[in-house]
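Asker: 3D, please:
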Amino acid sequence: MKIVTLIEAKKDVPLKVISIQKGKGRCLGLVKKLNCMGIREGVIIKKVSAQPFSGPIIIKIGNCEVAIGRGMASAVIVEEVEK
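Answerer: Numbers count the residues shown, from 1 in each chain. Alright, predicted model coming up:
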């Protein structure tokens with residue numbers, strides 16, 4: 001199993017959130033915001049699409065689709081889940 005950031009993850013593959021990085025100038029507000037969107041450790045998500053030229057990344061959590069910026073996505077560490 002490969003552990004990568006959400007930006008580097010493949011599309012349309014189930015991903016398990018391993019952790020959310022808090023270092024490098026990131027604050028706890030980022031973790032709270034991601035938690036409110038349903039992105040927390042242990043949750044299974046799926047990357048739907050990534051827009052070109054630094055656009056947002058769209059992920060699916062349950063039946064909801066959410067767009068997050070690349071800065072936030074770079075803080076989310078995921079691994080592929082076997083189908």
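Asker: only C-alpha atoms for contact and neighbour calcs from this point on.
Answerer: Fine.
Asker: contacts only, for Ile20.
Answerer: Each residue near Ile20 by C-alpha atoms under 8 Å, 6 or more residues apart in numbering is listed here: Val31, Arg40, Glu41, Ala75, Val76, Ile77.
Asker: show me what the last one is bridged to.
Answerer: Counting by DSSP bridges, Ile77 forms beta bridges with Thr5, Ser19.
Asker: the nearest residue to Ile44 once chain neighbours are set aside and Gly55: what is the separation?
Answerer: Nearest residue to Ile44, sequence neighbours excluded (C-alpha to C-alpha, 6 or more residues apart in numbering): Lys16, at 4.5 Å. Separation of Lys16 from Gly55 (C-alpha to C-alpha, to the nearest Å): 23 Å.
Asker: neighbour count for these two, which is higher?
Answerer: Neighbour comparison, Lys16 and Gly55: the larger count goes to Lys16, with 20 against 12 (by other C-alpha atoms under 10 Å).
Asker: how far away from the center of its chain is the lowest-mean-pLDDT helix or strand in the chain?
Answerer: Least confident helix or strand, the chain: helix 28-36 with a mean of 86, by mean pLDDT, DSSP states H and E. Centre-to-centre, helix 28-36 and its host chain are 12 Å apart (C-alpha atoms, centre = their mean, to the nearest Å).
Asker: where does pLDDT dip in this protein?
Answerer: For the chain, residues meeting the criterion pLDDT under 70 lie at 23-28, 83.
Asker: tell me where it has helices.
Answerer: 28-36, 70-73 (DSSP state H).
Asker: in the longest one, what's buried?
Answerer: Within helix 28-36, the residues that count as buried by 16 or more other C-alpha atoms under 10 Å are Leu30, Val31, Leu34.
Asker: dump that helix to CSV, keeping only the CA atoms.
Answerer: C-alpha atoms of helix 28-36 as CSV (Å, rounded to 0.1, in the frame of the first residue of the first chain):
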residue,chain,number,x,y,z
LEU,A,28,-5.3,23.7,14.0
GLY,A,29,-8.0,25.7,12.1
LEU,A,30,-7.2,23.6,9.1
VAL,A,31,-7.7,20.3,11.0
LYS,A,32,-11.0,21.7,12.4
LYS,A,33,-12.2,22.8,8.9
LEU,A,34,-11.4,19.4,7.4
ASN,A,35,-13.1,17.6,10.3
CYS,A,36,-16.2,19.6,9.7
